[in-house]
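**Student:** compute the structure for the input listed below.
(one chain, ligands or ions: 1)
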Amino acid sequence: MQDIRWKTFWVGISLIAISIAIWAIAGAIAALAFLCLSLIVYIASHIHWIHQLYVWLQDPSLNNVPEGSGIWENVFSALFQQQRKNYRAEAELESALEGFKRATNALPDGIVVLNHRNEVEWCNPPAELLLGLELYKDVNQPVQNLVRYGEFIHYLNAQDYREPIIVKSIRNAESTLQIQLIVFGTAQKLLICRDISVQEKIDTMRRDFIANVSHELRTPLTVVGGFLETMVDGEDIVTESTKHYFDMMITQTNRMRLIIEDLLTLSKIESNNEAPERTIINMQKTLSMIQGDANALSNGKHQITLDAVEGVDIKGSQAELISAFTNLASNAIRYTPDGGPIHISWALDSNRQAVFSVKDAGIGIEAQHIDRLTERFYRVDNSRSRDTGGTGLGLAIVKHILNRHKARLSITSNIGEGSTFSITFPESRVSIDQSKALA
Ligand code: ADP
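**Tutor:** Numbers count the residues shown, from 1 in each chain. Prediction:
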């Protein structure tokens, strides 16, 4: 098909040539009359095709694209091609959407798509079942009117979706749901909901088992430890040659007692589903106490310094948080050679989050271990942990305490240079006395 510009060019040339011929045969007036008439016909034909285009645009289907003539043949042909491409793309998209719907319907997890106003756009059948939604009725409804869990509404408004929340189902008292929001596109959200009742039951059984075993072992161990100490202290019971073995037995019994105490602490924190209290903890006092305890533990072998911002306190469980801070400080002492500096700091960051950190100049930790340190019994160096009285449970306890307070632990370290363990508390847990903090 010829180019539009060529077609127009040839029409113009033909008109001029015919006009010249008429001029030569019948004179200038006849030629001018012919030219005017031709132009009127030409413009009329354009108006006709523009009208045809307008009529087609009212119902732009592939079957009724006008054929056109002259340059309009090109225009309509291009429109036809474009329309055919659109139809194909639409058909492909529809089939992809159908496939996506079939796949999401087959998922055991509930999925709800929310728009930027948090209104339901679409959900799959498991979401209807787990959250009690009805797609045909609930579409375009604000999700907070439909999923009426207090924790969920708080989660939705807080806009921190890094971790999922766990709620007891309102529809079925036996089941526990895990809900997570994921932001995508331009402020749209995907709500993913999962029934975790079975996993919860297994976790509870595991926790109860560990708690029961630890509890059952505590009394016999106390008795064995007590007898061993009595025997060592008693006259003529333990001879010089066997005393060494008795001392080893006492050390190991004490180690087992520490492990059992830590296991019991861990299972107590893990099975506590109540949010920690929000008592305001005086951080100035708490930090001086942590520094004092650290000095006592180090026995003067380390230089322990403290730098704390004033007027910034924490709302939480005092006992739990002191245990987490002490754990980090005692690790710094245990993994820093004598004489090494240890710096404890308490500061407010630019997002008004409070950060507690302990920086040591100790042995450091290789990067590949860092993500695993909070796992139970994960140790980089077993013998060093054991020799310094470690149970391998300290950081697991810290992690659980921090989870309960919505705080996060970050660790940076360089082998041979030292490590920094930092706890960041969200603004909601921070209490600021402006007059002191700004002073
Ligand atoms: P442990 O009782 O063995 O210290 P934790 O749970 O407190 O158990 O710590 C886990 C492991 O993390 C430790 O065994 C040690 O290898 C490593 N670790 C913890 N704190 C430090 C630190 N400040 N410097 C170097 N390694 C550390």
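
**Student:** contacts, neighbours, all on C-alpha from now
**Tutor:** Noted.

**Student:** give me the neighbour count for the residue in the stretch 51-200 of the chain positioned nearest to the ligand.
**Tutor:** The ligand sits closest to residue 163 of the stretch 51-200 of the chain, with a gap of 22.4 Å, by CA to the nearest ligand atom. Residue 163: 13 surrounding residues under other CA atoms under 10 Å.

**Student:** residue 156 versus the residue positioned nearest the centre of the chain, what's the distance?
**Tutor:** The chain has residue 162 as the residue nearest its centroid, 2.4 Å off, counting by CA atoms, centre = their mean. Residue 162 sits 12 Å away from residue 156, taking CA to CA, to the nearest Å as the criterion.

**Student:** wasn't residue 122 part of a strand?
**Tutor:** Yes: the assignment for residue 122 (DSSP: H, G, I helix; E, B strand; the rest coil) places it in a strand.

**Student:** gap between the closest residue to it other than its chain neighbours and residue 192?
**Tutor:** Nearest-residue entry for residue 122: residue 113, 5.2 Å, with adjacent residues in sequence omitted and distances by CA to CA, 6 or more residues apart in numbering. Distance, residue 113 to residue 192, by CA to CA: 9 Å.

**Student:** and the two? Which one has more around it.
**Tutor:** Counted by other CA under 10 Å, residue 113 and residue 192 do not tie: residue 113 has more neighbours, with 21 against 18.

**Student:** look up phi and psi at the more buried one.
**Tutor:** phi -100, psi 130 (degrees, to the nearest 10).

**Student:** ok, it touching residue 121?
**Tutor:** Yes: counting by CA atoms under 8 Å, residue 113 touches residue 121, with 5.4 Å between them.

**Student:** what's the overlap in contacts for the two?
**Tutor:** Here residue 113 and residue 121 share no contacting residue, scored by CA atoms under 8 Å, 6 or more residues apart in numbering.

**Student:** in stretch 387-403, what's buried?
**Tutor:** By neighbour count on 16 or more other CA atoms under 10 Å, the buried set for stretch 387-403 is 390-402.

**Student:** distance to residue 210, pLDDT and secondary structure added to these, as a markdown table?
**Tutor:** Below are the buried residues of stretch 387-403 laid out as a markdown table (distance: CA to CA, whole Å; pLDDT from 0 to 100; DSSP: H, G, I helix; E, B strand; the rest coil):
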| residue | distance to residue 210 | pLDDT | secondary structure |
| --- | --- | --- | --- |
| 390 | 19 | 87 | coil |
| 391 | 15 | 91 | coil |
| 392 | 16 | 92 | coil |
| 393 | 13 | 94 | coil |
| 394 | 16 | 95 | helix |
| 395 | 18 | 96 | helix |
| 396 | 15 | 96 | helix |
| 397 | 14 | 96 | helix |
| 398 | 18 | 97 | helix |
| 399 | 18 | 95 | helix |
| 400 | 16 | 94 | helix |
| 401 | 18 | 95 | helix |
| 402 | 21 | 95 | helix |
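
**Student:** break down the protein into its strands, ranges please.
**Tutor:** Per DSSP state E, the chain carries strands over the ranges 110-114, 120-123, 165-168, 176-184, 188-195, 279-281, 303-308, 312-316, 341-348, 354-360, 408-414, 418-425, 430-432.

**Student:** contacting residues for the residue in the stretch 201-350 of the chain that the ligand sits nearest to?
**Tutor:** Going by CA to the nearest ligand atom, the ligand is nearest to residue 332 of the stretch 201-350 of the chain, at 3.9 Å. Neighbour list for residue 332: 342, 358, 359, 360, 362 [criterion: CA under 8 Å, 6+ apart].

**Student:** apply 7 Å and report the result again.
**Tutor:** Neighbour list for residue 332: 342, 360 [criterion: CA atoms under 7 Å, 6 or more residues apart in numbering].

**Student:** burial measure for residue 435, as a count.
**Tutor:** There are 9 residues near residue 435, going by other CA under 10 Å.

**Student:** excluding chain neighbours, what is closest to it?
**Tutor:** Take residue 435 and drop its neighbours on the chain: the residue closest to it by CA to CA, 6+ apart is residue 311, 7.6 Å away.

**Student:** surely the one you found and residue 432 touch.
**Tutor:** Yes: the pair residue 311 / residue 432 is scored as a contact, 5.7 Å apart, by CA atoms under 7 Å.

**Student:** partners of the residue lying closest to the residue of the stretch 51-200 of the chain closest to the ligand once chain neighbours are set aside in the sheet?
**Tutor:** Spatial nearest neighbour of residue 163, excluding adjacent residues (CA to CA, 6+ apart): residue 180 at 7.0 Å. Taking DSSP bridges as the rule, residue 180 bridges to residue 192.

**Student:** from memory residue 180 sits against residue 194, does it?
**Tutor:** No: contact criterion CA under 7 Å: residue 180 and residue 194 do not qualify, at 8.9 Å.

**Student:** get me the contact residues on this protein for the ligand.
**Tutor:** Within the chain, the positions adjacent to the ligand are 331-332, 335, 362-365, 373-374, 378-381, 385, 390-396, 419 by CA under 6 Å from any ligand atom.
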